[in-house]
Each structure stands twice: as structure tokens, then as C-alpha cells.
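A.B. asks: Just a sequence and a predicted model for now, questions to come.
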Amino acid sequence: MTALTKSQDSVDQKPAIAAIATPVGEGGIAVIRVSGSDAFEKVASCFRGADLSDPNAAPSHTVHYGTLVTPAGELVDEVLVTLFRSPRSYTGENTAEISCHGGVLVTQKVLETILSAGVRAAEPGEFTQRAFLNGKLDLTQAEAVADLIHAKSLRAVNAAGQQLEGRLGEHIRRFRQQIIDATAMVELELDFIEEDVEFANKEQLRSLLVGVMGELDVLLDTYEAGRLVKDGVRTVIMGRPNAGKSTLLNTLTGSDRAIVTEIAGTTRDTIDVDWSYEGLLFRLIDTAGIRETDDRVEAEGVRRSKKAFEQADLVVYLKDLSQPTTADELQELARWRMDAKDTPFLLVGTKADLDMAIVSGSSSPRQEQRLHYDLIISAVSGENINPLKKLMKERALEHRDLDGGSLLVTSTRHRDALQKAREHVKQALEALDMGLTGDLLAIDLRAALHDLGTVTGEITNEDLLDSIFSRFCIGK
């Protein structure tokens, strides 16, 4: 892997780039960001204002009022230009932020004027990429910027905020330093192998590696909770046709996303809706009713329902209380429970406002007792909807610690790299216990260092950076 080094003491001299940094649309103010070694000069060439006549003399973190004009001298807008001199800026470069009126057309005109001065349009995430390459952020912090922008729940915002503060990077750098110390002991001993000098105390080395592996395990154990926080809890609402699945989805979200009729089989495809409850994002998936059918379209919907079930983090199975429970349905429900394995499974009785089957005795009491409902609700009257919400959250987070501000691993990329590093540390421990030579031990230690380095960006390549920063919007 080709390494790209970051600048820690000086900033690379790169030409200016520009982009609209605020959402496109009508608003009071819009901001156009310009960053690069010649950013001040490029902006000053389009700016008319007495206090920016010499941009190289202007102090950092100052605001300048004036007008922006085209090369032909045409007035574009009244603007405020804020200067951030290198390295005291987001990117580490000279950066100018132009605040203009927030209309769509005027904002675009301001950007076009800056581009006409010889500034290049920025690529998605290019400002943050420059911040990373200039040593202002490590790679975990850069990724946290994108996570913060895309966060759809308060818990996701908090998790991204912790990563942006550098908490994950601090852990990784501590692990790397411990492994560097271990590697140094092993490799120093290799240099003096002919003198039969022992620099690496085996018990001390073993204790160090066991400690690193234990800390990696603690961090890796947070991934499942972190994934739910970042991506949301994939919650599949399923059951037989006309069990009230679409009605429940609409009730939970307070919208009419799913069509509701008394006709069985109305829902023929999965419907995904994001719903946030007490800071946690749920990705609700309304599925087609499960039944045997000759209708090709409905059959495809049933197939997709089963696929959604296989990928679920939480299953909410609805049983229509107004219909009798048959022996076949009991067997079917038992199969779903078994197939769910470790996935939390809620059995919810619906249409409690009707409940005609139980009252009239059309279901066997023994059959009803065998169902063990987690909750009985009415999506129409609202009965027990709030308790259902709380129960969904409790089951989704069961055995997962999300309290106390604990650090979470939320990225699949980070998890994979940490798992690889752990495996190499484990192999190094095994080599140590087997009394293998130090050169074999050092191979695994260096591999662990490499894997941890890819998390924070000490070791990376252009393909990885392109993949990460392509997630960003233009202007960030």
C-alpha cells in the first residue's frame, strides 16, 4: 500500500478551490468558501472595499465589508469576507469565507465570479481532505464530519461528535504506541542476536500484548451498538395480510406513508420510513403480508418481506386479534421465532379495539395462551402505542451499553481494521508462547501497526481517500 504522508509543521502550497458551503436554497445568508495558497489574492481581485486593498497585510480572523464585482465591473452583491490565515483555518490553508445574500441565483453568481478569477471548483469533501492532508484532522475525525452531516438522530450526532473530538484516534494512537514499544524490544534483540543479549522480557511483552488485545476487544464490542446508532435499527413489521402493519407504521411515524385498506394484500412491496424515538433512529420496514399466493406481484412482495426479515435488527410480528388463531398459524409463528435466532422478536396483538375472536370464543383459549403476547395494542385508538415504542427501544438496545458517553465504533471500515489488528496481536502472542523466533513475532506486530494506521490515516492510499471523501457534499 502506498503511504501518503500528512504535513504536521507546514502546509502544502495548493491553488485555491471554491464551493458553496451552505445548503442551496432561499435564506438570509449564504457562504462561499475559498481555500488555498492564493485564496486571499483571488478573492481580493473581485472585491471592492478599502480594508482589503492589500490582502497579504490583512490579519487573520478579520471580517471585511464591501462589494463583489465581475471582471467587467458589474456589481454582484454586497458581501462580508472573513479571512482565516494559514495554519489557523479549517483546512490549514489561507481560507476566505464570503457571506452574501442567500438567494439561489445570487449565490451561484458569487461562486461564478470567484471561479472566473482563476479559482477551481472544489470536489466533494475536498476541503476536509485538505484539512486531513495538512494535519488538522486525523482520518477518523474527517469521517466524523461526514457522519455529523448525515446524522438522523441525536444519538448519531453524539457518536459523531465524540469521534470528531478525536477520542477514537486517541485510543488508536495509544494502541499503536504500545505495539511500537513491543516491536522495538523484539527488533532490538534481533540486532544483537549473536551476542545472546535479551532486551525483551517475555512476561513483560506478553502482558503488554494481552492488554492491547483486551482493549481492542472492548472497542470492538461497541460496534453493534455503534452501527445501530449510526445506521438506525432495521425494524421489520411483519405478519399475515391485514394484520394492521401499515396502520401501525403510519401511527408510529404520524404520516400516511403506507396505503391502508380492508383488502388483504394491499401492501405488495416493502416500504421504508425513518422514525426517531428518544434520540434513536429506527428504519421501519412495512412488509407485504406473509401468505401463499398465485399472484406474481404479491409473491415478489412476500419474497422481499422474507429478505427484510433476514436483515432485521428488530422484528415486530403483528397478530390480528379479531381473527381466530389456527394451528397452522401457531406453527408458522414458531418457525419465524426460531429463524429470528438472536434478533429481538416482539409478538404484538393488534386491533384490541375489536378483539372479536377472543371475546366470541372462536379461538381456542389454549391456542391463545401459547402465543405469549409481548403487548396488545390498537393502532386505531392509540391503545398501548407509547408502551410499544418504549418496548421497541428496550429490545433494540438490550445488552448494548449506550449510556455514560461511552465511545462507539460506528464504521465498518474501522471495525474491519481493528479486527485485523487484533488477529495479528493474537498471532504474535501465540508465537511468543510457542517460543518462535523474534523475526516471526515482529512480522505480526508490524502488520498490526499497519492495520491500526489505516484507521487514523497514518497509513493510507489515494483509493482509500477517494472512497472516504466521496461521501461528502460539495463545500465541506
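C.D. replies: Everything's here; your move. Numbers count the residues shown, from 1 in each chain.
A.B. asks: What residues sit buried inside the lengthiest strand in the chain?
C.D. replies: With secondary structure taken from DSSP state E, the chain has its longest strand at strand 75-84. The neighbour-count check on strand 75-84 (16 or more other C-beta atoms under 10 Å) flags Val76, Asp77, Val79, Val81, Thr82, Leu83, Phe84 as buried. All C-beta atoms are positioned from the backbone trio N, CA, C, and that covers glycine.
A.B. asks: Tell me how far Ile149 lies from Pro124.
C.D. replies: 11 Å (C-beta to C-beta, to the nearest Å).
A.B. asks: Confirm that Val315 sits in a helix.
C.D. replies: No: counting by DSSP: H, G, I helix; E, B strand; the rest coil, Val315 falls outside a helix, being strand.
A.B. asks: For burial, what's the neighbour tally of Ala428?
C.D. replies: For Ala428, the count of nearby residues is 29 (other C-beta atoms under 10 Å).
A.B. asks: Which helix or strand contains it?
C.D. replies: helix 412-433 (DSSP states H and E).
A.B. asks: just Ala96 next, same as before
C.D. replies: strand 95-101.
A.B. asks: Buried residues, that strand. List them.
C.D. replies: Thr95, Ala96, Glu97, Ile98, Ser99, Cys100, His101.
A.B. asks: quick revisit: the longest strand of the chain pairs with which strands?
C.D. replies: Neighbouring strands of strand 75-84 in its sheet, by DSSP bridges, are strand 62-69 (antiparallel), strand 95-101 (antiparallel).
A.B. asks: Can you add mean pLDDT and distance to Asn242 and give those strands back as TSV?
C.D. replies: Shown next, in TSV, are these (pLDDT from 0 to 100; distance: least, C-beta to C-beta, whole Å):
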stretch	mean pLDDT	distance to Asn242
strand 62-69	95	62
strand 95-101	96	54
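A.B. asks: Figure out which of these is closest to Phe175.
C.D. replies: strand 95-101 (33.4 Å; C-beta to C-beta).
A.B. asks: and stretch 467-476, how far apart are its ends?
C.D. replies: 15 Å (C-alpha to C-alpha, to the nearest Å).
A.B. asks: And stretch 36-52, by the same measure?
C.D. replies: For stretch 36-52, the end-to-end distance is 17 Å (C-alpha to C-alpha).
A.B. asks: Buried residues of that stretch, list them for me.
C.D. replies: So for stretch 36-52, counting by 16+ other C-beta under 10 Å, buried means 36, 38-47, 49, 52.
A.B. asks: So which of these is the closest to Thr412?
C.D. replies: Gly36 (33.2 Å).
A.B. asks: just checking, the closest one touches Ala19?
C.D. replies: No: at 11.9 Å, Gly36 does not count as touching Ala19 under the criterion of C-beta atoms under 8 Å.
A.B. asks: sorry, back to before: looking at the buried residues of strand 95-101, spot the one nearest Leu432.
C.D. replies: For those, the nearest to Leu432 is Thr95 (49.7 Å; C-beta to C-beta).
A.B. asks: any idea how far the residue nearest to Leu209 when sequence neighbours are not counted is from Leu205?
C.D. replies: Of all residues beyond its chain neighbours, the one nearest Leu209 is Leu429 (5.1 Å), with distances taken as C-beta to C-beta, 6 or more residues apart in numbering. Leu429 is 9 Å from Leu205, where distance means C-beta to C-beta.
A.B. asks: How about Glu26?
C.D. replies: With C-beta to C-beta as the criterion, Glu26 and Leu205 are 64 Å apart.
A.B. asks: From the structure, what's the count of residues near Arg335?
C.D. replies: Based on other C-beta under 10 Å, the number of other residues close to Arg335 is 10.
A.B. asks: secondary structure element for it?
C.D. replies: helix 327-340.
A.B. asks: packing partners for that helix?
C.D. replies: helix 296-310, strand 314-320, strand 345-350 (3 or more C-beta pairs under 8 Å, 6 or more residues apart in numbering; DSSP states H and E).
A.B. asks: List the buried residues in stretch 378-389.
C.D. replies: Buried-residue list, stretch 378-389, by 16+ other C-beta under 10 Å: Ser378, Ala379, Val380, Asn384, Leu388.
A.B. asks: do the same with stretch 14-27
C.D. replies: Lys14, Ala16, Ile17, Ala18, Ala19, Ile20, Ala21, Thr22.
A.B. asks: How far does it sit from its chain's centre?
C.D. replies: 24 Å (C-alpha atoms, centre = their mean, to the nearest Å).
A.B. asks: cool, stretch 386-404 as well?
C.D. replies: That offset, for stretch 386-404, works out to 20 Å (C-alpha atoms, centre = their mean).
A.B. asks: Which residues does it contact?
C.D. replies: 155, 222, 224-225, 228-229, 233, 235, 252, 277-278, 280, 282, 313-314, 316, 344, 346, 348, 374-375, 377, 408 (C-beta atoms under 8 Å, 6 or more residues apart in numbering).
A.B. asks: how long is stretch 161-174 end to end?
C.D. replies: Stretch 161-174 end-to-end distance (C-alpha to C-alpha) = 20 Å.
A.B. asks: Same check on stretch 122-137?
C.D. replies: Start-to-end, stretch 122-137 (C-alpha to C-alpha) is 19 Å.
A.B. asks: what comes into contact with that stretch?
C.D. replies: Counting by C-beta under 8 Å, 6+ apart, 4, 6-8, 11-12, 14, 17-19, 33, 35, 87, 90-93, 138-139, 141-142, 145-146, 457, 465, 468-476 sit against stretch 122-137.
A.B. asks: Tell me which of those fall in strands.
C.D. replies: Filtering the contacts of stretch 122-137 for strands - DSSP E - leaves Ile17, Ala18, Ala19, Arg33, Ser35.
A.B. asks: thinking again about what came up before, more neighbours: Ile149 and Pro124, which one.
C.D. replies: Each of Ile149 and Pro124 has its neighbours counted (other C-beta under 10 Å); Pro124 has more, 17 against 12.
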